[in-house]
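Visitor: no sequence on this one, just coordinates:
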């Protein structure tokens with residue numbers, strides 16, 4: 001759907017707030033990472049709100065589903081989510097909230113295009129990072145500190161993990177198992193460059209997603225991510241992304257975390273294949289991005305419709 005066919009955004013009406021059945025949060029609406037487009041193709045918007053503080057308009061459909069983007073990264077995601085929660089023209093008390101989009105993953109975790117329903121969200125940025133390459137006499141020894149480079153925060157009133165509502169995770173997994181995931185031969189060919197990657201095509205998984213503002217890539221940093229998840233008791237990590245910890249924090253502050261889910265598809269692996277440069281492998285491929293965006297929307301839409309129809313929390 002082109003922007004020319006989208007409804008013109010109007011100001012929110014505090015005396016007549018919209019009450020979506022579900023709110024879908026994607027990060028981006030610009031190619032080649034247009035996560036929103038796959039949703040607007042499924043649910044044609046009939047109305048739109050220009051909510052102050054949000055990244056893009058909030059598009060509303062006849063079925064009651066609201067769709068918008070948060071922007072990339074934690075500050076954008078927190079600002080957009082908090083703005084929607086605080087707006088007198090938007091009532092999310094009875095709304096299921098879903099983050100949908102692409103993610104990275106370890107090649108040993110899942111095939112490209114696989115979809116992961118998160119049951120825990122780790123904040124990657126809340127940690128210490130130490131430079132331990134310097135010896136006591138002030139000289140560097142040139143050795144990599146590897147996992148010794150990070151540690152959990154000394155001041156940690158809690159682990160920086162959001163455990164998502166089990167009833168929603170179970171309901172989402174049930175709905176997701178009924179979805180036919182798209183496959184792509186070019187993606188399969190690229191995946192074979194990774195000897196540890198699965199031989200088959202996309203699958204449905206449940207597990208931990210790790211959120212951080214840092215565009216990290218490579219096996220050393222992946223080992224650090226795994227270490228942090230182990231310390232928090234939620235290893236192994238299934239996906240990595242840049243928004244969900246912030247979205248979850250904003251929802252928690254407004255007592256809405258129970259209504260939240262994250263459904264993301266694997267677009268790229270978090271390290272290069274043998275003989276490949278890190279820069280070359282960072283974004284995956286154009287077909288793997290397109291496959292992940294499509295499969296995330298396929299599963300996400302099935303999850304949203306199932307939640308609205310069954311109302312596992314009894315909030316409707």
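Guide: Thanks, I have it. All figures in this text were calculated on a predicted structure; none of them were measured in a lab. Residues are numbered from 1 along each chain as shown.
Visitor: Any buried residues in the longest helix anywhere in the chain, and which?
Guide: Secondary structure of the chain per DSSP state H: the longest helix is helix 286-310. With burial defined by 16 or more other C-beta atoms under 10 Å, the residues of helix 286-310 counted as buried are 287-308. Every residue, glycine included, has its C-beta placed from N, CA and C.
Visitor: how far is the helix or strand containing residue 169 from where the chain is centred?
Guide: Residue 169 belongs to helix 166-176 when assigned by DSSP states H and E. Chain-centre distance of helix 166-176: 16 Å, with C-alpha atoms, centre = their mean, to the nearest Å.
Visitor: quick one: secondary structure of residue 249?
Guide: helix (DSSP: H, G, I helix; E, B strand; the rest coil).
Visitor: Tell me which other helices or strands the longest helix of the chain touches.
Guide: Helix 286-310 is packed against strand 22-26, helix 35-42, strand 96-105, strand 115-123, helix 166-176, helix 185-191, strand 260-269, with contacts defined by 3 or more C-beta pairs under 8 Å, 6 or more residues apart in numbering; DSSP states H and E.
Visitor: Verify the contact between residue 23 and residue 93 for me.
Guide: No. Residue 23 sits out of contact with residue 93 when judged by C-beta atoms under 8 Å, with a separation of 11.6 Å.
Visitor: burial measure for residue 196, as a count.
Guide: Neighbourhood size, residue 196 [other C-beta atoms under 10 Å]: 11.
Visitor: got it, and the one 10 residues further on?
Guide: As a burial measure, the neighbour count of residue 206 was computed by other C-beta under 10 Å and equals 16.
Visitor: One more: the one 3 residues further on?
Guide: The tally of other residues near residue 209 (other C-beta under 10 Å) stands at 28.
Visitor: what helix or strand is residue 60 on?
Guide: strand 58-61.
Visitor: What average pLDDT does that strand get?
Guide: Mean pLDDT, computed over strand 58-61, is 98.
Visitor: ok, and what's touching that strand?
Guide: With contact meaning C-beta atoms under 8 Å, 6 or more residues apart in numbering, strand 58-61 is reached by 6-7, 9, 18, 20, 40, 43-49, 51, 66-68, 84, 90.
Visitor: Now a ChimeraX select for only the buried ones of these.
Guide: To isolate the buried members of the contacts of strand 58-61 in ChimeraX, using 16+ other C-beta under 10 Å:
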select :9,18,20,40,43,45,47,48,49,51,66,67,68,84,90
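Visitor: Which members of the contacts of strand 58-61 occur in helices, if any?
Guide: Filtering the contacts of strand 58-61 for helices - DSSP H - leaves 40, 84.
Visitor: what does the average pLDDT come to for the helix holding residue 169?
Guide: The average pLDDT within helix 166-176 is 98.
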